[in-house]
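Colleague: Fold the stuff below for me.
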Amino acid sequence: MLLSVPEAAKLLQVPEKTVTHWIRKESLPACKINDEYRLNRLELLEWATDHGVRFSPELFAPPEPPEGQLPPLSEALTAGGIHYGIRGGDKQSVLQSVVATFKLPSGVDPDFLLQVLLAREALGTTAIGDGIAIPHVRNPILLHVSTPAINLCFLDQPIDFAAMDGKPVHTLFTLISPTVRVHLHLLSKLAYALRNEIFQAALQRRASPAEILTAVDAIEAELAAQKVDAV
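Modeller: Sure, this is the predicted structure:
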């Protein structure tokens with residue numbers, strides 16, 4: 001969750017005008033959403049530490065949702081959307097087309113998202129084999145998004161993603177999320193889903209969004225049942 005200027009001022013124990021001054025003159029990281037500054041909690045902590053600014057201990061404890069309120073995979077997929085016939089002749093052009101399908105908040109620059117996705121790919125391919133890749137940013141808090149989304153894209157033609165199995169990629173799940181915890185939660189759920197034969201078959205034949213989401217709902221129900229059995 002992003003902080004407003006009043007919330008940041010309370011955590012830094014300074015007047016609101018001081019926070020605004022630091023944003024404008026002292027490189028305090030912030031983005032503008034609907035003409036109002038918003039600050040990421042972890043970036044605020046790093047900046048305050050680097051600049052010797054005293055702050056409330058509450059800054060160390062970001063409010064996270066209880067385990068039961070973590071977003072289900074189907075909700076993130078619905079938010080990101082399922083897209084067909086995505087064009088591109090190489091990794092960069094395909095990712096550019098993928099970014100264009102996202103419904104990003106006004107404070108998120110599509111070009112910035114593209115660059116951080118490419119930066120992550122430069123560290124090592126996000127292809128996981130069998131023609132599937134999961135592009136995502138290395139540090140999700142950089143994006144300043146308030147809700148998670150997984151964008152499922154079926155490519156117009158397979159693209160070389162330098163996958164370990166040597167197979168070109170034809171299906172991309174692109175993940176953006178507001179916190180590291182949500183990011184890891186959705187990434188693990190997606191990894192589990194991709195081992196499900198019914199879900200795999202739906203992807204291979206590029207099934208309809210309704211069929212894909214139905215398969216995801218069944219997987220979520222299976223995971224919920226496993227938790228109950230474990231209690």
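Colleague: which phi and psi does residue 36 have?
Modeller: Here the main-chain torsion angles of residue 36 (degrees, to the nearest 10) amount to phi -120, psi 140.
Colleague: what's the answer for the one 3 residues further on, then?
Modeller: Backbone torsions of residue 39, given as degrees, to the nearest 10, read phi -120, psi 140.
Colleague: Now do the same contact list for it.
Modeller: Contacts here follow C-beta atoms under 8 Å, 6 or more residues apart in numbering; on that basis residue 39 touches 2-5, 8, 19, 23, 28-30. In this view, the C-beta of every residue, glycine as well, is placed from N, C-alpha and C.
Colleague: Quick check: can you list the domain ranges of this protein?
Modeller: When the chain is parsed into structural domains using automatic domain parsing, the resulting residue ranges are 3-60, 68-230.
Colleague: Same list (those) but as CSV, adding mean pLDDT.
Modeller: Shown next, in CSV, are the domains of the chain (pLDDT from 0 to 100):
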stretch, mean pLDDT
domain 3-60, 83
domain 68-230, 89
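Colleague: Quick one: neighbours of residue 188, just the number.
Modeller: Summarising burial for residue 188: neighbours were counted as other C-beta atoms under 10 Å, giving 11.
Colleague: so how far is residue 195 from it?
Modeller: Using C-beta to C-beta, to the nearest Å, one obtains 11 Å as the distance from residue 188 to residue 195.
Colleague: Quick one: residues in contact with the biggest helix by length in the chain.
Modeller: Secondary structure of the chain read by DSSP state H shows that its longest helix is helix 209-230. Residues from elsewhere that reach helix 209-230 (C-beta under 8 Å, 6+ apart): 72-74, 77-78, 82, 152, 189, 192-193, 196, 198-199, 202-203, 207.
Colleague: now do stretch 93-107
Modeller: Residues outside stretch 93-107 that contact it (C-beta under 8 Å, 6+ apart): 31-34, 38, 79-81, 83, 86-88, 110, 113-114, 117-118, 121, 135, 144-146, 149, 151, 153, 155, 159, 172, 174, 176.
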